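J.: What shape does this take:
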Amino acid sequence: MSRLAVLGSTGSIGTQTLAVAEEFADRLEVTALAARRDSDALFEQVRRFRPRVCCLVDVEAADRLAGRLRAEGIGTEVLSGPDGLVALATASDVDTVVVSVAGNAALQASLAAIGARKRLAIATKEVLVSAGHLVMREAARTGAEVLPVDSEHSAIFQCLQGEKRAALRRILLTASGGPFLDYTREALETVTVADALAHPTWRMGSKITVDSATLMNKGLEVIEAQWLFGADLSQVEVVVHRQSIVHSLVEFADRSVIAQLGYPDMRLPIQYALFYPERLANNLRPLDLASAGALTFESPDTERFPCLALAYEAARAGGSVPCALNAANEVAVELFLQGRIGFTDIAALNATVMRRHARIADPDLEQILAVDRWAREEAARVAEEGLDQ
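T.: Residues are numbered from 1 along each chain as shown. As a prediction, the model looks like this:
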């Protein structure tokens, strides 16, 4: 029996993790649940899974949840704030920590879980994008496992099993391309929020769906891949694959290419991370290549989708630059979702903030958090002043 803490349990990855936990209830015990502020959804999850402890980052929401649980006679302990996430991630009755909660709290909780030698199943991009050097350094020190939950990184991880990393030649990171792959630059200037949220193959949260539409999501995954697999940036390539059947590929020194395929369903990479190295039978839809039809591949257009090029630029610069880009992008996407900037303004805002940032070569945690705060404030300031300045 493996005991789980799910940080971000009310989001897309979190709810699918709990679906896997229900399917394998004889192998997985949900010990701890955490979310940012959705007390109603977390209340229902606590009623269903009866974890020992839960947490809401929002203190007022946590107080409301505690009151409702007391009224129901449910004895689950309620914690709050970033310190509550750290307490869940390091609890003695937790074996695996699934991290899908957004923000800096995810970084602090992830580092704490690694320090406590937990298995870290990581789905939150900013943890590795902002502080991959700290995360992997701490994992090397403690021997803790850091396993990817993203479908693309899970695919790469699976393709590398039994192989020597020295034989790795290229990582081919697939991208669906989002809903605007065939749009002209002029057409991209007029797309709406509803257009951006209409992803052709995946059902995800609003932020990651917009990132998929700008290709920033793929750029962040390039940075993640560097850290997870010890790859040089020149070894990580993005290829657009509209059907989302091939989740990524790895080319080896002898030019052999291995791929991982399957229908788009996040429960598969989640299950793989939770049970690695075991593969357990499940109820997922089996892949039927004949009915899947043609599988196509093409190069991304970084002129129409400059966020991907910005991510490569940040990765080359290294240090604190990816952190600044990630934080600026979070603000830019939120402003777009609020209707305050246009779709193409996201890349312009990201570029402005990234190039105003004074790079720190090897930032510690406090410096990472400071850069994150600065970049968010700067992004809001740039948007307020106007992107033409």
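J.: Based on its surroundings, how many neighbours for Ser92?
T.: Neighbours of Ser92 under the rule other C-beta atoms under 10 Å: 8. For every residue, glycine as well, the C-beta is placed using N, CA and C.
J.: pLDDT value on it, please?
T.: Note for Ser92: predicted pLDDT of 97.
J.: How about Asp388?
T.: The model reports Asp388 with a pLDDT of 55.
J.: before we move on, what about Gly205?
T.: Per-residue confidence (pLDDT) for Gly205: 79.
J.: So Trp227 is in contact with Leu134, correct?
T.: No: shown here, Trp227 and Leu134 do not form a contact pair, counting by C-beta atoms under 8 Å, at 9.9 Å.
J.: how about the helices of the stretch 1-150 of the chain, start to end?
T.: For the stretch 1-150 of the chain, applying DSSP state H, counting those that start in this stretch gives helices covering 12-23, 39-49, 59-72, 81-89, 104-115, 125-142.
J.: Mean pLDDT added to those helices, as JSON lines?
T.: Listed next are the helices of the stretch 1-150 of the chain as JSON lines, based on pLDDT from 0 to 100:
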{"stretch": "helix 12-23", "mean pLDDT": "97"}
{"stretch": "helix 39-49", "mean pLDDT": "98"}
{"stretch": "helix 59-72", "mean pLDDT": "97"}
{"stretch": "helix 81-89", "mean pLDDT": "96"}
{"stretch": "helix 104-115", "mean pLDDT": "93"}
{"stretch": "helix 125-142", "mean pLDDT": "96"}
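J.: Could you single out the most deeply buried of those helices?
T.: helix 104-115 (a mean of 24; mean count of other C-beta atoms under 10 Å).
J.: Now do that one and helix 125-142, the angle between them.
T.: Angle, helix 104-115 to helix 125-142, by axes from the mean of the first three to the mean of the last three C-alpha atoms, to 10 degrees: 20 degrees.
J.: Helix 104-115: how far from the chain's middle?
T.: Centroid separation for helix 104-115 versus its chain: 14 Å, with C-alpha atoms, centre = their mean, to the nearest Å.
J.: cool, stretch 93-112 as well?
T.: 12 Å.
J.: Start and end of it, how far apart?
T.: With C-alpha to C-alpha, to the nearest Å applied, stretch 93-112 spans 15 Å between its terminal residues.
J.: try stretch 136-153
T.: One end of stretch 136-153 sits 15 Å from the other (C-alpha to C-alpha).
J.: any weak-confidence spans in the protein?
T.: Scanning the chain for pLDDT under 70 picks out the ranges 202-203, 388-389.
J.: For stretch 191-202, buried residues please.
T.: Val191, Ala196, Leu197, His199, Thr201, Trp202 (16 or more other C-beta atoms under 10 Å).
J.: just stretch 49-60 next, same as before
T.: In stretch 49-60, counting by 16+ other C-beta under 10 Å, buried: Phe49, Pro51, Arg52, Val53, Cys54, Cys55, Leu56, Val57, Asp58.
J.: of those, closest to Arg70?
T.: Closest approach to Arg70 among the buried residues of stretch 49-60 (C-beta to C-beta): Cys54, at 13.0 Å.
J.: residues contacting the closest one?
T.: Ala32, Leu33, Ala34, Leu42, Gln45, Val46, Leu65, Thr76, Glu77, Val78, Leu79 (C-beta atoms under 8 Å, 6 or more residues apart in numbering).
J.: Tell me the one among those residues nearest to Tyr263.
T.: For those, the nearest to Tyr263 is Gln45 (26.1 Å; C-beta to C-beta).
J.: what about the closest one, distance to Val59?
T.: Counting by C-beta to C-beta, to the nearest Å, the gap from Gln45 to Val59 is 19 Å.
J.: cool, and Asn282?
T.: Taking C-beta to C-beta, one finds Asn282 at 38 Å from Val59.
J.: Just give the nearest non-adjacent residue to Leu197, would you?
T.: Thr209 (5.2 Å; C-beta to C-beta, 6 or more residues apart in numbering).
J.: Assign the one you found to helix, strand or coil.
T.: When classified by DSSP: H, G, I helix; E, B strand; the rest coil, Thr209 comes out as helix.
J.: All further residue positions should be reported with the first residue as 18.
T.: Sure, I'll start numbering at 18, so the last one becomes Thr226.
J.: Can you verify my assumption that it contacts Asp212?
T.: No: look at Thr226 against Asp212 with C-beta under 8 Å: they stay out of range, at 10.9 Å.
J.: And the strand or helix carrying Arg333, what's buried?
T.: For Arg333, the element it lies in under DSSP states H and E is helix 323-334. The neighbour-count check on helix 323-334 (16+ other C-beta under 10 Å) flags Pro323, Cys324, Leu325, Ala326, Leu327, Ala328, Tyr329, Glu330, Ala331, Ala332, Ala334 as buried.
J.: by contact count, what packs against it?
T.: Where contact means 3 or more C-beta pairs under 8 Å, 6 or more residues apart in numbering; DSSP states H and E, helix 323-334 is packed against helix 233-246, helix 338-354, helix 362-373.
J.: who touches Glu395 in this structure?
T.: By C-beta under 8 Å, 6+ apart, the contact list for Glu395 reads Ala345, Val370, Arg373, His374.
J.: Please name the nearest non-neighbouring residue to the third one.
T.: It stands for Arg373. Glu395 is the one closest to Arg373 (C-beta to C-beta, 6+ apart), at 6.2 Å.
J.: Phi first, then psi, for the one you found.
T.: The phi and psi torsions at Glu395 (degrees, to the nearest 10) take the values phi -70, psi -40.
J.: ok, so what distance separates it from Met371?
T.: When Glu395 is compared with Met371 (using C-beta to C-beta), they lie 10 Å apart.
J.: Common neighbours of the two, please.
T.: Ala345.
J.: Quick one: neighbours of Arg44, just the number.
T.: Neighbours of Arg44 (other C-beta under 10 Å): 14.
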